[in-house]
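Participant: could you work out the structure for the sequence below:
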Amino acid sequence: MTTGLQLMLAAGMLISLGLVLLSVRLLPAEPDLVDALNRLSPQRRINAGDDTGGAPRGKERVGVWAIKHLPPVLWVRTPIRELALLRIPVARFYGDKLAFAGLGLLIAPLLALLFDLLGLGLPFVIPALGSVALAGVMFFLPNYNAVDDARKARIEFSRALGAYIDLVALERNNGAGVRQAMEAAANVGDSWVFRRLSEELTRSRWSGQPPWDALHALADELGLPELDDFADIMRLSGEEGASVYTNLRARSAAMRTAMLGDEIAEANAIGERMTIPGSLLGVIFMALLVTPALLRMFINT
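Facilitator: Numbers count the residues shown, from 1 in each chain. You can find the predicted model right below:
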């Protein structure tokens, strides 16, 4: 029979265990030097397991297996630049495609089973063909998601890059060097765009690479022409000592003007689409008014 002393001992042991685990959790961990240097390497690219810093897990394991055992032609087209921009490993992307395809294969048989339970039996051909068709459609759903998310990320990158160029221009106008101005401006913001620029500039510093070359490589990898133009301007400033304050401010103003034009065009397109439901309601209302007269005319004739 449990006594009060035993309960007190058990409670004390649990409290002690909790304090020990909390202390271990709060102690600073020693970083892995190899992993830290790999993250700072200019040759680092997003591939299987890179964003986790270790062995792939979950869907990435499935993706790694698929890369090794399935033919490359199966994937049709892999949006490499989009995945690099979103920092999604290729292995995880392939794992998502196989997971969506497997889900598509299961939906049609499950619906057929539900109809059978309701007494509405379907021929075997219908769920079989529906399963294959749905699996094929859902297999390409991650491609659409990656392209759409990358499009939105590029728009966000362009907006943040305009602010970053203004900050670099102000740093250069205050007498800062090229690298110092680029790094100081990148450390001002806390968005993912500024963090990405800061990471690339840090890697270029540790590797001895000019910062504009690092941004050129990032622009080519991610498909960002605005960043490539900015890197060209900074290369002129770094290699030839040219004054780039006016050029940078003009470039950021041109980017904002282009983005404003795109937003106005998108707003106009949305406004035009919004008129379609109203037009349809008008057509339906006119049909309701005309239908009784037409019915009476046909009945009388």
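Participant: by mean pLDDT, which helix or strand of this structure comes out lowest?
Facilitator: Sorted by mean pLDDT, DSSP states H and E, the helices and strands of the chain end with helix 33-40, the least confident at a mean of 54.
Participant: contacts only, for the residue nearest the centre of the chain.
Facilitator: For the chain, the residue nearest the mean C-alpha position is Leu86 (3.5 Å; C-alpha atoms, centre = their mean). Contacts for Leu86 (C-beta atoms under 8 Å, 6 or more residues apart in numbering) come out as Ala146, Asp149, Ala150, Ala153. (Each C-beta comes from the backbone N, C-alpha and C, glycine too.)
Participant: which of those residues are buried? Put it as a PyMOL command.
Facilitator: In PyMOL, this line selects whichever of those come out buried by 16 or more other C-beta atoms under 10 Å:
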select buried, resi 146+150+153
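Participant: tell me the one of the contacts of Leu86 nearest Phe194?
Facilitator: Ala153 (13.8 Å; C-beta to C-beta).
Participant: rewinding a little: in helices, which of the contacts of Leu86 appear?
Facilitator: Here DSSP state H is the test, and the contacts of Leu86 give Ala146, Asp149, Ala150, Ala153 as lying in helices.
Participant: list just the nearest of those to Glu263.
Facilitator: Ala153 (16.5 Å).
Participant: in this structure that closest one contacts Leu83, no?
Facilitator: No - the criterion here is C-beta atoms under 8 Å, and Ala153 misses it with Leu83 at 11.1 Å.
Participant: re the thing from before, distance of the residue nearest to the centre of the chain relative to Met255?
Facilitator: 22 Å (C-beta to C-beta, to the nearest Å).
Participant: ok, back up a step: could you dump the ones in helices among the contacts of Leu86 into a markdown table and include distance to Leu288 and pLDDT?
Facilitator: Putting these into a markdown table (distance: C-beta to C-beta, whole Å; pLDDT from 0 to 100) gives the following:
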| residue | distance to Leu288 | pLDDT |
| --- | --- | --- |
| Ala146 | 46 | 90 |
| Asp149 | 44 | 90 |
| Ala150 | 46 | 89 |
| Ala153 | 47 | 88 |
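Participant: a markdown table for the residues you listed, including distance to Phe93?
Facilitator: Shown next, in a markdown table, are those (distance: C-beta to C-beta, whole Å):
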| residue | distance to Phe93 |
| --- | --- |
| Ala146 | 7 |
| Asp149 | 12 |
| Ala150 | 12 |
| Ala153 | 15 |
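Participant: check the offset of the longest helix seen in the chain from the chain's centre.
Facilitator: Ordering each helix of the chain by length in residues (DSSP H) puts helix 245-300 first. Put simply, helix 245-300 sits 29 Å off its chain's centre (C-alpha atoms, centre = their mean, to the nearest Å).
Participant: next one: stretch 144-157
Facilitator: 6 Å.
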